[in-house]
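> This is a predicted model, with the sequence first.
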Amino acid sequence: MNGKEELKRKIIKTSRVLGIDKIGFTTAQNFSNLEKSLIKQKELGFTTGFEHPSLKESLHPKEIFNHPKTIISIALAYPTKIHEKIDKSQGKRGSFARVSWGEDYHKILKQKMQHLVEKISELIQEGAKFKLMVDTGELIDVAVAKRAGVGFIGKNGLLITEEFGSFVYLGEIVTNLKLTPDNPKKNQCEDCTRCLDHCPTGALLKNGPMNGKRCLSYQTQTKGYMLKEFRKLIRSTIYGCDICQLVCPFNKSKDFHFHREMEPSLENVYPLLKPLLTITNKEFQKRFGKMSAAWRGKKPLQRNAIIALANHHDTSAIVDLCKVIKSHPVAMIRGTAAWSIFQLVPKPSNALKQFMVLALRKETDDKTREEFQEVLKKWRN
Ligand code: B12
Ligand code: SF4
Ligand code: SF4
């Protein structure tokens, strides 16, 4: 066994000790094979703005690292099921996609990779350099993981591992160490189209890439009004979307609880919806601040909770929604509450109509006035 192989073997062994569930190695060659498709995606308006802004940096590791030789890809499996019983007697609940259960994965993966880098540094002479990335880095995590043999990219655009399905977080380490690359895995979707068939918005395109703007995961993370087309489709999920993963045969019965920090708190990931309408910033930070879903702040989640109450047909929320219209400081939240009231009360009392007329009179935000006007118009017809 040569030195390169020996070092790789030791890195793999160390990664297991550190609790890294899967590891793979690839060269630091560019990812130019993706260029055409990525340019096309952008031109078509199918990107979300959450992608790294520089295509050059995303596709060329040498643009972000001095003499890169290897990229080490890592995957950590996360839980998909909660075994406690949900108390449904206290009111309607929303849900968070599994990607945000437990503590923020960016922190967990960075810590794991940092520990791995420290251990690698102990194994070698000086001069080795490393750059760690999770999600927000320049590189395209699924493309790296695929080339490093960690798994294959499914028709849902996600990296699917043999052992853990696609419920894995991905991260990578760029280094100037030369290590033997692994072989990429073949796509195993074959003629399955379950993810495409079940995606509620048609975001997944037949030929591989997706229209990110139509993805409910994106829609639940925007800051302004949610487009009306998507409001009913989110149902009661107030952050992210798991549908194209839950229907995937490679995820059947996959539920791994390897990492204590990833264990979800039931009350946080299936929260009662009504209390979210009045939660203060301080309470929000205390309760949800550690979750990755908190990255866009309170407003999108509050908006989604209002939509979810309507989707639950929770007429007991009408009073709460009226209070939101009367006194919530954010115009978009007031307007979304009006939409929900209409969903819950298609035939209003005179008092409710009058309430909306007065709210419209008081409202100064143009977009929100439009929401109120639309509700009043529909009530008139
Ligand atoms: C922007 C982004 C989003 C956007 C856009 C999604 C997207 N696919 O681009 C939105 C907000 C919609 C999103 C949603 C989600 N995301 Co996201 N997201 C990212 C991010 C930050 C950048 C991805 C990117 O650059 N996309 C632009 C290009 C690359 O996408 P594309 O045009 O669709 O092309 C790719 C594929 O389609 C594929 N492809 C191209 N042609 C072909 C052809 C064939 C035949 C096939 C099979 C594939 C294929 O290759 C391209 C390059 O990989 C990455 C982190 C990172 N730095 O990479 C996480 C990341 C992809 N997201 C992740 C997760 C978990 C999710 C969600 C599941 C979260 C949730 N539960 O709500 C959903 C799933 C939606 C989905 N089906 O993809 C994980 C995926 C882990 C995994 N196992 O794959 C990542 C890697 C974050 C991480 N580090 O763990 N995300
Ligand atoms: S996450 Fe949901 S909306 Fe997005 S592609 Fe998958 S099924 Fe469609
Ligand atoms: S649902 Fe089917 S087509 Fe979609 S990623 Fe899974 S195996 Fe592939």
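Here it is on my side, so go on. Ligands and ions are numbered 1, 2, ... in the order given.

> residues in contact with the residue positioned nearest the centre of the chain?
When Cα atoms, centre = their mean is applied to the chain, the residue found nearest the centroid is G240 (5.0 Å). Residues near G240 by Cβ atoms under 8 Å, 6 or more residues apart in numbering: F96, A97, R98, V99, S100, L216, S217, T220, Q221, A293. C-beta here means a position set from N, CA and C on the backbone, and glycine is covered the same way.

> which parts of the stretch 201-350 of the chain sit against ligand 1?
G208, P209, M210, G212, C215, S217, Y218, G240, C241, D242, C244 (Cβ under 6 Å from any ligand atom).

> per-residue confidence at M1?
At M1, the pLDDT value in this model is 59.

> now K107
pLDDT, read off for K107, is 98.

> Low-confidence regions, this structure specifically.
Within the chain, the stretches with pLDDT under 70 are 1.

> what's the burial count for the residue in it that ligand 1 sits nearest to?
At 2.2 Å from ligand 1, G208 is the closest residue in the chain, using Cβ to the nearest ligand atom. When neighbours are counted by other Cβ atoms under 10 Å, G208 registers 12.

> so who does it touch?
S37, I153, K155, G157.

> so it, which of the three states?
coil (DSSP: H, G, I helix; E, B strand; the rest coil).

> That one and G202, how far apart?
15 Å (Cβ to Cβ, to the nearest Å).

> now R380
From R380 to G202 the distance is 33 Å (Cβ to Cβ).

> For the stretch 251-381 of the chain, just list every one of the helices.
Ranges of helices within the stretch 251-381 of the chain are 266-269, 281-288, 298-311, 318-327, 331-344, 350-362, 366-380, based on DSSP state H, counting those that start in this stretch.

> quick one: the fourth one to helix 366-380, angle?
Looking back up the chat, that one is helix 318-327. Note on geometry: by axes from the mean of the first three to the mean of the last three Cα atoms, to 10 degrees, helix 318-327 and helix 366-380 are set 140 degrees apart in direction.

> So which other helices or strands are in contact with helix 318-327?
Counting contacts by 3 or more Cβ pairs under 8 Å, 6 or more residues apart in numbering; DSSP states H and E, helix 318-327 packs against helix 298-311, helix 331-344, helix 350-362.

> Tell me which residues touch A293, please.
F96, A97, S100, Y239, G240, L301.

> of all those residues, which comes closest to I173?
S100 (23.8 Å; Cβ to Cβ).

> dump the residue contacts of that closest one.
Y239, G240, V269, M291, S292, A293.

> list the buried ones in stretch 210-226?
210-222, 225-226 (16 or more other Cβ atoms under 10 Å).

> Also stretch 370-381?
E371, F372, V375, L376, W379.

> follow-up on the earlier one: which among the helices and strands packed on helix 318-327 is found nearest to P264?
Nearest to P264, of all those, is helix 298-311, at 15.7 Å by Cβ to Cβ.

> How about the residues of this structure by ligand 2?
Close to ligand 2, as judged by Cβ under 6 Å from any ligand atom, the chain has residues 156, 199-201, 203-204, 210, 215-217, 241, 243-244.

> Next step: those residues restricted to helices.
Here DSSP state H is the test, and these give L216, S217, I243, C244 as lying in helices.

> quick check, nearest of the residues you listed to N33?
Closest to N33, out of all of those and judged by Cβ to Cβ, is C244, at 23.6 Å.

> contacting residues around that closest one?
Each residue near C244 by Cβ under 8 Å, 6+ apart is listed here: N156, L158, C195, H198, C199, L204.

> In contact with the last one, which residues?
Contacts for L204 (Cβ under 8 Å, 6+ apart) come out as K155, N156, G157, C195, L196, M210, C244.

> ranking those by neighbours, who comes first?
Neighbour counts for the contacts of L204 (other Cβ under 10 Å) peak at C244, which has 27 neighbours.

> one step back: with distance to L358 as new columns, can the ones in helices among the residues of the chain next to ligand 2 be given to me in JSON lines?
Listed next are these as JSON lines, based on distance: Cβ to Cβ, whole Å:
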{"residue": "L216", "distance to L358": "34"}
{"residue": "S217", "distance to L358": "37"}
{"residue": "I243", "distance to L358": "40"}
{"residue": "C244", "distance to L358": "44"}
